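# test case, fold it:
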Amino acid sequence: MSRSAAPTGAKQRLMSEMKALRKEKWINFEDDDSANLLKWRFALMVINSDSAFNGGYFRAEMVFSDDYPYQPPQFRFLIPIVHPNIYPDGHLCISILHKPGEDLMSGEQASERWSPLQGAESVLRSVLLLLDDPEISSPANVDAGVMYRDRRTEYEEKARATVQRSKKEIPVGFEMPKSFEPAPPPKAENDDDFWAASDEELDLGGSDTGSDDDDQDMGDFEDGDEEEEEQDGSDEEDEEEEDDD
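All right, here's what the predicted structure looks like:
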């Protein structure tokens with residue numbers, strides 16, 4: 001189905017979600033804005049030194065139905081990945097992609113499954129978490145589940161081999177991010193804030209209390225001078241009267 005043929009509700013929702021995801025560093029869309037909105041092609045990137053899949057560029061696709069977001073999308077990797085929760089065809093066994101409502105057979109709660117409050121970003125972040133924290137109690141790939149549980153070193157070797165294969169799919173000219181965290185701002189050579197704070201802390205004029213006392217003392221001194229001047233003036237007048245007599 002073409003972009004123009006997509007139902008209005010699904011179209012608006014998906015356009016908004018894709019626009020937000022294009023700003024993320026951990027996903028790289030292969031299609032431009034004119035591509036089919038109901039079928040996304042992209043790559044998920046794993047940048048985590050603690051992950052067995054660190055450095056992976058995993059191409060994938062997500063297909064949306066006409067009644068999205070009331071029904072979940074379908075997700076699958078386009079590269080074979082040995083993982084307890086990934087089927088050989090690349091599809092995932094993950095609760096968030098299961099239809100809404102409680103499932104008595106699987107024991108999944110409705111809160112664990114898809115709901116219209118979820119979105120494409122919720123799915124993709126859950127997939128990235130699942131890569132490093134598989135659920136082995138009900139694996140989609142039993143052999144991978146046993147390997148993860150009993151032969152972890154072998155499992156991690158296969159994961160690293162998958163990462164190396166995935167790097168061959170990196171588009172020419174595309175630079176893999178080295179970190180998903182924003183770079184810290186450059187340190188200023190002249191820290192004006194530091195000097196401004198220092199000037200405020202340095203009280204070159206003394207304490208406020210001392211200043212008030214000084215003002216009071218100065219006032220007393222001035223009052224005393226005025227009284228002495230008045231007394232001197234009175235004495236001079238008395239001497240002039242005595243001379244006249």
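# which element follows the strand or helix carrying Ser126 toward the C-terminus?
Using DSSP states H and E, the element containing Ser126 is helix 120-132. Downstream of helix 120-132, the first helix or strand assigned by DSSP H and E is helix 142-150.
# average model confidence for that next one?
Averaging pLDDT along helix 142-150 gives 97.
# what's that helix packed up against?
helix 152-166 (3 or more C-beta pairs under 8 Å, 6 or more residues apart in numbering; DSSP states H and E). C-beta: built from backbone N, CA, C; applies to glycine.
# helices of this structure, start to end?
Secondary structure of the chain (DSSP state H): helices located at 8-21, 120-132, 142-150, 152-166, 192-201, 208-244.
# count the residues that sit near Ile96.
Look at Ile96: counted by other C-beta atoms under 10 Å, it has 19 neighbours.
# ok, now which ones touch it?
Counting by C-beta atoms under 8 Å, 6 or more residues apart in numbering, Ile96 makes contact with 72, 112-114, 118, 122-123, 126.
# now it: closest residue in space that isn't a chain neighbour?
Nearest residue to Ile96, sequence neighbours excluded (C-beta to C-beta, 6 or more residues apart in numbering): Ser126, at 4.9 Å.
# and the one you found, how close does it get to Ile94?
Going from Ser126 to Ile94 by C-beta to C-beta, to the nearest Å gives 6 Å.
# which one's more surrounded, these two?
Shown here are Ser126 and Ile94; by other C-beta under 10 Å, Ile94 has more neighbours (20 against 16).
# list the contacts of the more buried one.
Contacts of Ile94 (C-beta under 8 Å, 6+ apart): 85, 126-127, 130.
# count the residues that sit near the residue lying closest to Arg41 once chain neighbours are set aside.
Closest residue in space to Arg41, ignoring its immediate chain neighbours: Glu30 at 4.5 Å, by C-beta to C-beta, 6+ apart. By the measure other C-beta under 10 Å, the count of residues near Glu30 is 14.
# what do you get for Ser16?
Residues within reach of Ser16, counting by other C-beta under 10 Å, total 12.
# which ones are touching the residue lying closest to Ser51 once chain neighbours are set aside?
Distances taken as C-beta to C-beta, 6+ apart place Asp132 nearest to Ser51, at 5.0 Å, with adjacent residues excluded. Taking C-beta under 8 Å, 6+ apart, we find Asp132 in contact with 48, 50-53.
# and if you look at Ile27?
With contact set as C-beta under 8 Å, 6+ apart, Ile27 has these partners: 21, 42-45, 124.
# quick one on the thing from earlier: correct me, but the residue nearest to Arg41 touches Leu44?
No: counting by C-beta atoms under 8 Å, Glu30 does not reach Leu44; the two are 11.9 Å apart.
# and Pro84, how far is that from Glu121?
Distance from Pro84 to Glu121, by C-beta to C-beta: 24 Å.
# so which of those two has more stuff around it?
Taking neighbours as other C-beta under 10 Å, Pro84 and Glu121 compare with Pro84 leading, 23 against 14.
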